[in-house]
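Asker: give me the fold of what follows.
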Amino acid sequence: VYEIGRQFRNEGIDLTHNPEFTTCEFYQAYADYNDLMDMTEEMISGMVKDITGGYKIKYSPKPGYPEKEIDFTPPFKRISMMEGLEEAMKTKLPALDDPDVDIKLKALLDEHQLECSPPHTTARLLDTFVGEFLEDNITHPTFITEHPQIMSPLAKDHRSKPHLTERFELFVAGRELANAYTELNNPVVQYQRFLEQARQGQEGDDEAMVMDDSFVTALEHGLPPTGGWGLGIDRLTMFLANKNNIKEVLLFPAMKPTDEQLKIISSGAARVGE
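Answerer: Here you go, the predicted structure:
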């Protein structure tokens, strides 16, 4: 079951973000995250080869920056998130069930002189480290896998690694392209995950999910083992067209007002005030 459709998120505008964008999403019954990784690898590399004539493309990540060569030749590299962080940071991270995990991660944050806006939850601290030590160092297509449960409220627990989930994100040139996981289909566990997300939201985490009772009710009716997958079509188009600003691949992008427009607006408001 798939959908190609428009999404809207109330967030800022930058080179890779626009409040309105297009995604392809699907559920596949009796598939897990390993199946979806293999499918993603085959599909994306095949698209690049069919459209460009080869697996390698040239891409300029920012305006004025020199072009980089990105190699979509399969298989893509796979990095387990926690193991990859420990290797990149050259340190052993605290256990995710350690009562003092947040304190220890905050000490590592200070040690590496990184910034993370409060609240300093486990998820937000780990996300800061992943951005600094993993995502920013990725050029060629790479799967970051096995996210902690605390960062993945909709993903199923990993079958052999405690406190982790069966999830992956595909990154290319430091940018997220796809996100997928083995769907959590246990309504009791899903309800508990939503409660934990609500608690984080009360602590000030504006990225935490809200309680979704109707979703839990749907799970109570039953969901077979399922893989869920989503990909940003606009970002994929940016790579294939060598465009570094998402506005260049959107028909009707949200535009920030220019300085000249802001002056007209402010002068108009002043006249109304008079």
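
Asker: report the backbone C-alpha coordinates of stretch 129-143 in PDB.
Answerer: C-alpha atoms of stretch 129-143 as PDB (Å, rounded to 0.1, in the frame of the first residue of the first chain):
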ATOM      1  CA  PHE A 129      26.200  13.400  18.300                       C
ATOM      2  CA  VAL A 130      24.800  11.600  15.200                       C
ATOM      3  CA  GLY A 131      24.600  14.900  13.300                       C
ATOM      4  CA  GLU A 132      28.100  15.900  14.200                       C
ATOM      5  CA  PHE A 133      30.000  12.600  14.000                       C
ATOM      6  CA  LEU A 134      28.000  10.500  11.400                       C
ATOM      7  CA  GLU A 135      25.700  12.500   9.200                       C
ATOM      8  CA  ASP A 136      28.100  15.400   8.400                       C
ATOM      9  CA  ASN A 137      30.800  12.900   7.300                       C
ATOM     10  CA  ILE A 138      28.700  11.000   4.800                       C
ATOM     11  CA  THR A 139      29.200  11.600   1.100                       C
ATOM     12  CA  HIS A 140      28.200   8.300  -0.600                       C
ATOM     13  CA  PRO A 141      24.800   6.600   0.100                       C
ATOM     14  CA  THR A 142      25.000   5.200   3.700                       C
ATOM     15  CA  PHE A 143      22.400   3.500   5.900                       C
END
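
Asker: quick one: mean pLDDT over it.
Answerer: The average of the pLDDT scores along stretch 129-143 is 97.

Asker: stretch 154-166: which residues count as buried?
Answerer: Going by neighbour count (16 or more other CB atoms under 10 Å), the buried part of stretch 154-166 is 154-158, 164-166. To be clear about C-beta, it is placed using only N, CA and C from the backbone, and glycine gets the same treatment.

Asker: for Glu132, give its distance to Phe194.
Answerer: Per CB to CB, to the nearest Å, Glu132 is found 29 Å from Phe194.

Asker: oh sorry, the question was meant for Thr128
Answerer: Thr128 is 24 Å from Phe194, by CB to CB.

Asker: and if you look at Phe143?
Answerer: 27 Å.

Asker: keeping just the C-alphas, turn stretch 181-191 into CSV.
Answerer: C-alpha atoms of stretch 181-191 as CSV (Å, rounded to 0.1, in the frame of the first residue of the first chain):
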residue,chain,number,x,y,z
TYR,A,181,11.6,0.5,10.0
THR,A,182,9.9,-2.7,10.9
GLU,A,183,6.6,-1.4,12.2
LEU,A,184,5.8,-1.7,15.9
ASN,A,185,2.5,-3.7,15.8
ASN,A,186,2.0,-4.3,19.5
PRO,A,187,-0.7,-1.9,20.7
VAL,A,188,0.3,-2.1,24.4
VAL,A,189,3.9,-1.3,23.7
GLN,A,190,2.9,1.5,21.3
TYR,A,191,0.7,3.1,23.9
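
Asker: buried set for it?
Answerer: Under the neighbour-count criterion of 16+ other CB under 10 Å, stretch 181-191 has 181-184, 187, 190-191 buried.

Asker: now stretch 9-24
Answerer: For stretch 9-24, the neighbour count (16+ other CB under 10 Å) marks 15-16, 18, 21-23 as buried.

Asker: repeat for stretch 111-130
Answerer: 116, 119-130.

Asker: pipe the residues you listed into TSV and attach secondary structure and distance to Lys106 per row.
Answerer: Listed next are those as TSV, based on DSSP: H, G, I helix; E, B strand; the rest coil; distance: CB to CB, whole Å:
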residue	secondary structure	distance to Lys106
Cys116	coil	8
Pro119	coil	11
His120	coil	5
Thr121	coil	10
Thr122	helix	10
Ala123	helix	13
Arg124	helix	10
Leu125	helix	6
Leu126	helix	11
Asp127	helix	13
Thr128	helix	10
Phe129	helix	11
Val130	helix	16
